[in-house]
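Q: Starting from these lines, generate the structure:
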Amino acid sequence: MRWVNWCLLLVLFLSGCDGGSSESKPTTMSADEVSVVTDYESPIHSTTTKPIVLGFSQLGSESTWRQANTASIKEAAKEANITLIMTNAEQDQNKQFEAIRSFIRRDVDIIAIAPVVQTGWEGILKEAKAADIPVIIIDRSLHISDSSLYVTFIGSNFYEEGVKASKYMIDRMRHHAGTIRIAELQGTVSSTPSVNRGLGFRKMIESDKRFQITQSKPGNFTQSGGKEAMQEFLRQPRKNWPQVLFAHNDDMAIGAIEAMQEVGLKPGSDIIIISVDGTRRAFEQMVQGHINAVVECNPLLGPLVMQAAKEIMAGRTLPKRMITPEDIFTQELAARELANRKY
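A: This next block holds a predicted model:
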């Protein structure tokens with residue numbers, strides 16, 4: 001009923017650019033893991049005269065993208081006068097379960113989750129539903145059989161990001177004869193962005209046997225992981241080295257660039273590099289000629305999450321999926337766009 005309003009919200013907020021026992025012990029958190037509220041276990045009873053209380057389980061702080069996403073959530077909560085309780089799961093699904101149970105004990109108004117992996121969520125979501133606490137899924141989507149366990153998903157179309165990366169590669173290599181060797185730097189194993197970016201990328205080349213993914217390894221969305229994986233790729237005989245690198249995020253691509261430079265390669269020339277995220281650091285690498293193209297993945301989800309929370313508390317119906325508008329940028333556009341990057 002409010003599809004038009006939500007399209008307008010997307011433009012307004014994102015124009016700059018996924019069970020054990022309920023008696024488990026509470027999560028131990030450091031001071032920087034809590035925003036606004038510091039008394040983690042005390043119940044909160046929100047009334048019409050008090051701010052909405054949002055419990056947010058962030059999956060980690062593994063990348064520049066994730067740090068920008070966290071900052072966006074914090075800033076938007078403050079601007080919206082929403083009380084935010086946020087935890088950092090450090091890439092551990094069990095820590096997310098613990099945090100969500102603490103939110104339930106605390107009787108927050110809404111729970112938001114950026115899930116570290118796709119599966120294993122039905123039990124904990126049923127606990128939230130039994131407590132009558134609505135759930136918003138952000139950034140990474142879930143594989144669950146009962147979609148009524150959450151209200152809405154806010155994030156990117158990771159499959160389409162993989163398609164965009166593959167289309168750029170196909171066009172870039174259209175005059176190249178013979179087999180084209182591709183190395184792939186995956187993200188966290190079983191995470192939605194890594195799975196779907198890989199699927200989208202492969203779909204576009206499955207009918208063209210010139211394109212062969214000859215090396216693929218997880219780099220866990222970190223710069224160090226990307227560098228280590230690329231170093232392993234380059235330990236192969238030179239005749240097996242890739243001609244194209246598809247990195248599932250910018251941090252891994254930047255780590256891979258370091259590994260290439262250590263063996264005397266010219267990234268962006270000797271090996272074509274395509275990445276996903278669109279961080280300022282990646283644009284700087286494009287300006288230097290080290291990355292050839294970057295597919296945008298917008299981390300600035302905070303305003304839309306807070307607006308969704310307000311809509312839910314007002315009893316309004318939301319779309320089941322809200323996908324952020326995103327683009328692809330090449331070296332030719334990098335210098336002009338660099339000044340516009342907000343993360």
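
Q: contacts and neighbour counts: CA atoms only from here.
A: OK.

Q: where along this structure do the strands fall?
A: Taking DSSP state E, the strands of the chain run over residues 53-58, 83-88, 110-113, 135-139, 152-155, 180-186, 211-218, 244-247, 272-277, 293-296, 321-323, 328-330.

Q: Just the CA trace of the first one, in PDB.
A: This points to strand 53-58. This file holds the C-alpha atoms of strand 53-58, laid out as PDB (Å, rounded to 0.1, in the frame of the first residue of the first chain):
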ATOM      1  CA  VAL A  53      14.400   1.100  21.200                       C
ATOM      2  CA  LEU A  54      16.200  -0.700  18.400                       C
ATOM      3  CA  GLY A  55      18.500  -3.700  19.100                       C
ATOM      4  CA  PHE A  56      21.000  -4.200  16.200                       C
ATOM      5  CA  SER A  57      23.300  -7.200  15.800                       C
ATOM      6  CA  GLN A  58      26.100  -6.100  13.500                       C
END
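
Q: that older thread, redo the strands of the chain as JSON lines? Include mean pLDDT.
A: JSON lines is the format used below for these (pLDDT from 0 to 100):
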{"stretch": "strand 53-58", "mean pLDDT": "98"}
{"stretch": "strand 83-88", "mean pLDDT": "97"}
{"stretch": "strand 110-113", "mean pLDDT": "98"}
{"stretch": "strand 135-139", "mean pLDDT": "98"}
{"stretch": "strand 152-155", "mean pLDDT": "97"}
{"stretch": "strand 180-186", "mean pLDDT": "98"}
{"stretch": "strand 211-218", "mean pLDDT": "98"}
{"stretch": "strand 244-247", "mean pLDDT": "98"}
{"stretch": "strand 272-277", "mean pLDDT": "98"}
{"stretch": "strand 293-296", "mean pLDDT": "98"}
{"stretch": "strand 321-323", "mean pLDDT": "95"}
{"stretch": "strand 328-330", "mean pLDDT": "97"}
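
Q: can you tell me which of those strands comes nearest to Ile312?
A: Of all the strands of the chain, the one in closest proximity to Ile312, counting by C-alpha to C-alpha, is strand 110-113 (8.6 Å).

Q: List the strands paired with the closest one, with their directions.
A: strand 53-58 (parallel), strand 135-139 (parallel) (DSSP bridges).

Q: coming back round to it: for Gln236, which of the strands of the chain is the nearest?
A: The closest of the strands of the chain to Gln236 is strand 211-218. By C-alpha to C-alpha, the value is 10.1 Å.

Q: picking up where we left off before, for the strands of the chain, which one sits closest to Thr64?
A: Proximity to Thr64 (C-alpha to C-alpha) singles out strand 272-277 among the strands of the chain, at 9.2 Å.

Q: most neighbours per residue, which of the strands paired with strand 110-113?
A: A comparison of the strands paired with strand 110-113 by mean neighbour count, using mean count of other C-alpha atoms under 10 Å, puts strand 53-58 on top with a mean of 26.

Q: and that one with strand 83-88, angle?
A: On the basis of axes from the mean of the first three to the mean of the last three C-alpha atoms, to 10 degrees, strand 53-58 is oriented at 20 degrees to strand 83-88.

Q: what about strand 53-58, distance to the chain center?
A: Relative to the centre of its chain, strand 53-58 is centred 17 Å away, using C-alpha atoms, centre = their mean, to the nearest Å.

Q: contact partners of it?
A: Identification of contacts with strand 53-58 by C-alpha atoms under 8 Å, 6 or more residues apart in numbering yields 44, 46, 70, 82-89, 96, 99-100, 103, 108-115, 309.

Q: Would you enumerate the residues in contact with Ala229?
A: Per C-alpha under 8 Å, 6+ apart, neighbours of Ala229: Leu185, Lys217, Pro218, Gly219, Ala256.

Q: Show me what counts as buried in stretch 200-217.
A: For stretch 200-217, a neighbour-count test (16 or more other C-alpha atoms under 10 Å) marks Gly200, Phe201, Arg202, Met204, Ile205, Phe211, Gln212, Ile213, Gln215, Ser216, Lys217 as buried.

Q: now stretch 333-343
A: Quick answer for stretch 333-343 (16+ other C-alpha under 10 Å): Ala334, Leu338, Tyr343.

Q: Would you mind listing where the stretch 1-150 of the chain has pLDDT under the threshold?
A: For the stretch 1-150 of the chain, residues meeting the criterion pLDDT under 70 lie at 1-49.

Q: mind checking how far the nearest residue to Leu84 once chain neighbours are set aside is from Gln223?
A: Ranked by C-alpha to C-alpha, 6 or more residues apart in numbering and with sequence neighbours excluded, the top spatial neighbour of Leu84 is Leu54, at 5.0 Å. As judged by C-alpha to C-alpha, to the nearest Å, Leu54 and Gln223 stand 31 Å apart.

Q: That'll do, ta.
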